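Visitor: I would like the atomic coordinates for the input below:
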Amino acid sequence: MKYITFAIPSYNSENYLHNAVESLLVIGEDAEIIIVNDGSKDNTIKIANEYKKKYPKIVKVIDKENGGHGSGVNAGLEAATGLYYKVVDSDDWLDKENLVTFLEKLKEQYNNNQSPDLYILDFIYEHVEDNTTFVRSYEENFIPNKITTWSETNKKFKYSKTMLMHALVYKTAVLRESGIKLPNHTFYVDNIFSYTPLPYAKTIYYMPIVLYHYYIGRSDQSVQIHNIVKRYKQQIKVMDIILKEYSYDEIKKLPKGLRKYMFHFLSAIMIITQMFTTAEYSKERKDDLRKLWNDLKKNDKKLYRFLRFRSYNCLVNFLPWRIKGYIMVKGYLYFAKKIKLG
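Guide: Residues are numbered from 1 along each chain as shown. Predicted coordinates:
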């Protein structure tokens, strides 16, 4: 049996795909590694097929036309046979020792019929160029080393802190039950993956160990400020999808801990969306942000009122455009400097 499927969406990844794959092979045939070649123009598919030939019982390869990161996640999930599903970006890697520790716990709980719907683990930002790091820990938010429900998880998330894709290991069945399907050719879809399936995960288990190493430093990464500025429409698209996933009334019916987190998540991602958009001034940007707010008001007035008047967004919503943009970009750059985003 495959306890976990690792999906590696890969586009022009010949220079670093080895690191990702090698970090996963440590658990052998307990894992399934699906390398999704997303229409690469370099030697990515050749490297993937070499791993498949060398490890035929572990590695699978999907060779598809380019559709973006989300399409790679979708393709991996569709083909996955593992009990759990974990996305590993092709330029990132997992801690080998902690991966073994994690798998041991996963197998122990499976054998005791106690498999949680969702594992949450810490991850680390790795700024490779100057060898500095920043650990994103969730120890203040979750009860460690215990299967819990959302009702037992009431510790507040603060400011922009959210659970990123890097921290999450969902049961494959939970993801499929949620019906999640990420859009093609769209950046920042990890926000959808980190939000949409949560109400389907009834039980959670937090392990306070660093599993995922998130590589930071490439100029073409989506989190670089120059890319954020030019790709603001992508973030608006993702935000619009997220806002339509669950209504205000649906969220209010969720267990307390999950309800509080999902409202926090929406507030944090809307702040980020506004920052993306107001980072520069143009009539098109103003119209796009206004449309996002107006569509939300039309579709869900309660959620609109929450985000407009009761969330962190109320601190900037009514500032003049250029002042709002200046303040929010400065805030992002402060955060980016802290964790070495760019």
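Visitor: just the pLDDT for the closest residue to Lys96 other than its chain neighbours.
Guide: Nearest in space to Lys96, with sequence neighbours left out and distances taken as CB to CB, 6 or more residues apart in numbering, is Val26 at 4.5 Å. Quick note: C-beta positions are derived from backbone N, CA and C, even for glycine. The per-residue pLDDT reported for Val26 equals 98.
Visitor: let's verify Val26: helix, strand, or coil?
Guide: What DSSP: H, G, I helix; E, B strand; the rest coil gives for Val26 is helix.
Visitor: same check on the one 10 residues further on?
Guide: Per three-state DSSP, the secondary structure class of Val36 is strand.
Visitor: now it: closest residue in space that isn't a chain neighbour?
Guide: Of all residues beyond its chain neighbours, the one nearest Val36 is Gly72 (4.1 Å), with distances taken as CB to CB, 6+ apart.
Visitor: I'd guessed that neighbour sits against Ala7; true?
Guide: Yes. Contact criterion CB atoms under 8 Å: Gly72 and Ala7 qualify, at 7.0 Å.
Visitor: are there residues contacting both of those two? Which ones?
Guide: Between them, Gly72 and Ala7 share these contacting residues under CB atoms under 8 Å, 6 or more residues apart in numbering: Val36.
Visitor: and the two? Which one has more around it.
Guide: With other CB atoms under 10 Å as the criterion, Gly72 and Ala7 differ in neighbour count, and Gly72 comes out ahead with 30 against 27.
Visitor: quick check, the more buried one in a helix?
Guide: Yes. Gly72 sits within a helix when classified using three-state DSSP.
Visitor: let's see the pLDDT reported for it.
Guide: For Gly72, the pLDDT comes out at 98.
Visitor: give the contact list for the nearest residue to Lys253 once chain neighbours are set aside.
Guide: Nearest residue to Lys253, sequence neighbours excluded (CB to CB, 6+ apart): Arg259, at 7.9 Å. Contacts for Arg259 were tallied using CB under 8 Å, 6+ apart; they are Ile251, Lys252, Lys253.
Visitor: now do His185
Guide: Applying CB under 8 Å, 6+ apart to His185 gives the contacts Gly67, Gly68, Ser71.
Visitor: excluding chain neighbours, what is closest to Asn299?
Guide: Of all residues beyond its chain neighbours, the one nearest Asn299 is Lys244 (6.9 Å), with distances taken as CB to CB, 6+ apart.
Visitor: let me redo that: Arg285
Guide: Residue nearest to Arg285 in three dimensions, not counting chain neighbours: Thr277, with 5.3 Å by CB to CB, 6+ apart.
Visitor: and for that neighbour, the neighbour number?
Guide: When counting by other CB under 10 Å, one arrives at 27 neighbours for Thr277.
Visitor: can you report how many residues lie near Gly70?
Guide: The criterion is other CB under 10 Å. On that basis, Gly70 has 24 neighbouring residues.
Visitor: hmm, it is touching Asn191, no?
Guide: No. Counting by CB under 8 Å, Gly70 stays clear of Asn191, with 10.7 Å between them.
Visitor: just give the number of residues close to the closest residue to Asp30 other than its chain neighbours.
Guide: Counting by CB to CB, 6+ apart, the nearest residue to Asp30 once its immediate chain neighbours are dropped is Tyr3, at 4.9 Å. Tyr3 is flanked by 17 other residues according to other CB under 10 Å.
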